[in-house]
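Q: Structure, please.
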Amino acid sequence: MQNENTHLMDIHLLAYNEEKYISQCIESFKSQLNENIHLVVLNDNSTDSTLYLIKKNLKSVNKDFYKIINLKKNIGRGAGRNLLASKSRAKYMATIDADDICYPNRFKKQLEFMSNNDEIDLSGGYADLFEKENFLQCEDLSKSYSNIKVVKRIRKPISHNNIVKNLWLNPLINPTICIKRSALLKANNYDPNLRTGQDYDLWFRLYINNSKFANLPIPLIYYRKSSPKKYNYKDYILTYKIAKSYRLQIPCLNRFTLLLIYLRCLYKTIYASKKLK
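A: Next comes the predicted model:
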């Protein structure tokens, strides 16, 4: 892609069959792409018009500011995020999900924060949750921000100490994070075998490697509320298994918190099944 350290930040966007929302997502941040902030987008073998829409929405952007990776075989989120990281040469890597919307100047704010706080290895922020269908796509997103009906603001602990104390509760919102490339590589990247829970697993390994965390006390994204999905017990219990695997290395993962994680998994399984009825 680029030579080492030719720019400061890579935005990572992974998309699989996101034709309904991908245009809106890209529209929300493409004006932020410049000499220091680039985009690496991975189309994970979509079978709909996702790839076409990615190219269409980036047509007006300087080609030096983005790269599109198109896969012929679906590899999933864990392996996909690993691949994105392998294509990056910037000091910082930021994440956005294909069905979410960025706040104006989100990446500029995170880049400034990380540059001014070199001791921080990973930062995230708040997210404004909104209903999936309450606002239609349009070409000029700036005229439609006022139509986004926020359900609630998702706040997370701000300081490193409070984040670490609550690590078992997943106190970082993955599509808001910005991480130092060096910290991610030191923690051996995302687990390519995990199609879900890969962010939860990474936070634990970053902690073990003495990484420092922070959350900005401002919303960075509009977080689209997902429709009920048919999750089964194994999907949710993976969270418990990931936490249990780090029990001896992380103080907050005592027997009591592991029991709470297990009970939360059971509750989520029951809640999801009821929502689908």
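Q: Which elements pack onto the longest helix anywhere in the chain?
A: In the chain, taking DSSP state H as the definition, the longest helix is helix 255-275. Contact partners of helix 255-275 among helices and strands, from 3 or more CB pairs under 8 Å, 6 or more residues apart in numbering; DSSP states H and E: helix 233-245. C-betas here are computed from N, CA, C, even on glycine.
Q: Quick check: buried residues in the helix it packs on?
A: The neighbour-count check on helix 233-245 (16 or more other CB atoms under 10 Å) flags Asp235, Tyr236, Ile237, Leu238, Thr239, Tyr240, Ile242, Ala243 as buried.
Q: Stretch 122-132 now?
A: For stretch 122-132, by 16+ other CB under 10 Å, it's Leu122, Ser123, Gly124, Gly125, Tyr126, Ala127, Asp128, Phe130.
Q: what do you get for stretch 198-216?
A: Buried residues in stretch 198-216, counted by 16+ other CB under 10 Å: 198-207, 211-216.
Q: what about it, how long is it end to end?
A: The stretch stretch 198-216 measures 22 Å between its terminal residues, going by CA to CA, to the nearest Å.
Q: now swap in stretch 147-159 and tell me
A: OK, stretch 147-159 end separation, CA to CA: 32 Å.
Q: just the strands in the chain please.
A: 9-15, 37-43, 66-70, 92-97, 101-102, 122-131, 150-154, 178-180, 213-225 (DSSP state E).
Q: Which single one of the buried residues of helix 233-245 is nearest to Tyr16?
A: Comparing the buried residues of helix 233-245 against Tyr16 with CB to CB picks out Asp235 as the nearest, at 16.9 Å.
Q: what sits against the spatially closest residue to the closest one that is not a sequence neighbour?
A: Once flanking residues are discounted, Asp235 sits nearest to Thr196: 6.2 Å by CB to CB, 6 or more residues apart in numbering. Residues near Thr196 by CB atoms under 8 Å, 6 or more residues apart in numbering: Arg77, Asp235, Leu238.
Q: What's the separation between Thr196 and Thr47?
A: Thr196 is 20 Å from Thr47, where distance means CB to CB, to the nearest Å.
Q: cool, and Arg224?
A: Taking CB to CB, one finds Arg224 at 21 Å from Thr47.
Q: same check, this time on Leu14
A: 16 Å.
Q: Pro157 contacts Leu216, doesn't it?
A: No: between Pro157 and Leu216 there is no contact under CB atoms under 8 Å: 11.7 Å.
Q: Least confident of the contacts of Thr196?
A: Lowest-confidence member of the contacts of Thr196: Asp235, scoring 73 (pLDDT).
Q: Quickly note the distance from Pro217 to Lys156.
A: 9 Å.
Q: can you list residues touching both of the two?
A: Gly125, Tyr126.
Q: Comparing these two, which residue is more hemmed in?
A: Using other CB atoms under 10 Å, the more surrounded residue of Pro217 and Lys156 is Lys156, with 21 against 10.
Q: Run through the residues that contact that one.
A: Gly124, Gly125, Tyr126, Ile163, Pro171, Leu172, Ile173, Asn215.
Q: Nearest residue to Asn166 in space, please, no chain neighbours.
A: Pro157 (5.6 Å).
Q: again, but for Lys108
A: The spatially closest residue to Lys108, leaving aside those adjacent along the chain, is Gln32, at 6.2 Å (CB to CB, 6+ apart).
Q: ok so, going back, can I get the strands of the chain in CSV including distance to Gln249?
A: Shown next, in CSV, are the strands of the chain (distance: least, CB to CB, whole Å):
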stretch, distance to Gln249
strand 9-15, 27
strand 37-43, 31
strand 66-70, 34
strand 92-97, 25
strand 101-102, 34
strand 122-131, 18
strand 150-154, 28
strand 178-180, 20
strand 213-225, 16
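Q: now the ones you listed as a markdown table including mean pLDDT?
A: Listed next are those as a markdown table, based on pLDDT from 0 to 100:
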| stretch | mean pLDDT |
| --- | --- |
| strand 9-15 | 97 |
| strand 37-43 | 97 |
| strand 66-70 | 96 |
| strand 92-97 | 96 |
| strand 101-102 | 94 |
| strand 122-131 | 94 |
| strand 150-154 | 92 |
| strand 178-180 | 98 |
| strand 213-225 | 94 |
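Q: I'd like to know which of those is closest to Thr257.
A: With CB to CB as the measure, strand 213-225 is the member of the strands of the chain nearest Thr257 (17.9 Å).
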